[in-house]
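I'll drop the sequence and a predicted model, then ask my questions.
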Amino acid sequence: MLLVDADLYLYRATAATEQEICWDEDDGSNIWSLDTDLKLAKEMFFDQMETFKETLHDDRVILCLTSKKNFRRDVDPRYKNNRVKIRKPLGYLAMVDWAKHHFSTVSLDGLEADDVMGILATKPENKDKAIIVSDDKDMKTVPAKIYRPMSGERLDITEAEADRFFLTQCLTGDPTDGYQGLKGFGPKTAEKLLGSRPDWSIVEKAYIKAGFTKQDALTQARLARILRWCDWDYENKKPILYGSKEHGTTRTIHEGKAATG
């Protein structure tokens, strides 16, 4: 199955068909308005999905969507605050409604599309059957097959690679998502610090050395963590926060099941 970052491609389709119109008045003043062609946006989106099918030789497309609530704002109210005033393209919400009626879609309460893709891709029965379709670099924190349309990359991220990229994100932060990481840490600095045996304790010590607390480090990790199958409580329909007692227990149980088949 193809797990598509629907937020991203619906946004691009509506942004591409939005246009500004200037109405010249007789008195020389100008009135500006926005216009969009949703019929064209729908055609563009549909064609994009068909291209994904042809490229990846898979006819089953599942659109993953972000819910209205976001659990990360409970972790830190400042999460993505920098995007609050950014206007969505004209017709975006109408496109989301249209997509829900014409495609298979999945949205989980409190989660972003990234989390939905991460959970579905790492569910044991989906192993080697799912491909995440997204240009978002954050998806490299998920051990799964990933297709990045803009570059044409096809990745098969191992758990070790995903864990390392996640720890790197904890150190570098992601200002576009509203969490800062540690000052002075870029990807190269983080890679050097993590060394050949990356571990959470290295990240924690770096935060403490910089004058922060263990809880500060955990907060950053919980914002950076794209949820996997082991991070989602199916029974209670809520995230299992990274570093919590429940998270450690759940990982042990899940890994045990995987090891025994």
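Structure's in. What do you need?

so where's the stretch 151-261 of the chain uncertain?
248-261 (pLDDT under 70).

repeat the analysis, applying 80 as the threshold.
Within the stretch 151-261 of the chain, the stretches with pLDDT under 80 are 177-178, 245-261.

what do you get for the stretch 1-150 of the chain?
Ranges of the stretch 1-150 of the chain meeting pLDDT under 80: 24-30, 81-86.

quick one, helices of it?
Using DSSP state H, counting those that start in this stretch, the helices of the stretch 1-150 of the chain run over 6-17, 38-56, 72-75, 92-102, 113-122.

output the ones you listed as TSV; include the columns mean neighbour count.
To be clear about C-beta, it is placed using only N, CA and C from the backbone, and glycine gets the same treatment. As requested, the helices of the stretch 1-150 of the chain are exported to TSV (neighbours: other C-beta atoms under 10 Å):
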stretch	mean neighbour count
helix 6-17	21
helix 38-56	15
helix 72-75	18
helix 92-102	15
helix 113-122	25
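
so which of the ones you listed gets nearest Gly178?
Gly178 lies closest to helix 72-75 among the helices of the stretch 1-150 of the chain, at 8.8 Å (C-beta to C-beta).

tell me the gap between that closest one and the middle of its chain.
In terms of C-alpha atoms, centre = their mean, to the nearest Å, the centre of helix 72-75 is set 15 Å apart from its chain centre.

for that helix, which helices and strands make contact with it?
Judged by 3 or more C-beta pairs under 8 Å, 6 or more residues apart in numbering; DSSP states H and E, helix 72-75 is in contact with helix 214-224.

run the chain-centre distance for the helix or strand just after the helix it packs on.
From helix 214-224 onward toward the C-terminus, using DSSP states H and E, the following helix or strand is strand 232-233. Distance of strand 232-233 from its chain centroid, counting by C-alpha atoms, centre = their mean, is 17 Å.

just stretch 233-250 next, same as before
Using C-alpha atoms, centre = their mean, the mean C-alpha position of stretch 233-250 is found 19 Å from that of the whole chain.

residues in contact with it?
Stretch 233-250 has contacts (C-beta atoms under 8 Å, 6 or more residues apart in numbering) with 71, 75, 108-111, 115, 200, 218, 221-222, 225, 227, 230-232.

of those residues, just the buried ones, PyMOL syntax please.
Buried residues within those, by 16 or more other C-beta atoms under 10 Å, are selected in PyMOL with:
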select buried, resi 71+75+108+110+111+115+200+218+221+222+225+227+230+231+232
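
farthest pair in the contacts of stretch 233-250?
Using C-beta to C-beta for every pair in the contacts of stretch 233-250, the one that comes out farthest apart is Asp109 and Trp200, at 27.9 Å.

returning to that earlier point: nearest to Lys88 among the contacts of stretch 233-250?
Closest approach to Lys88 among the contacts of stretch 233-250 (C-beta to C-beta): Leu111, at 18.8 Å.
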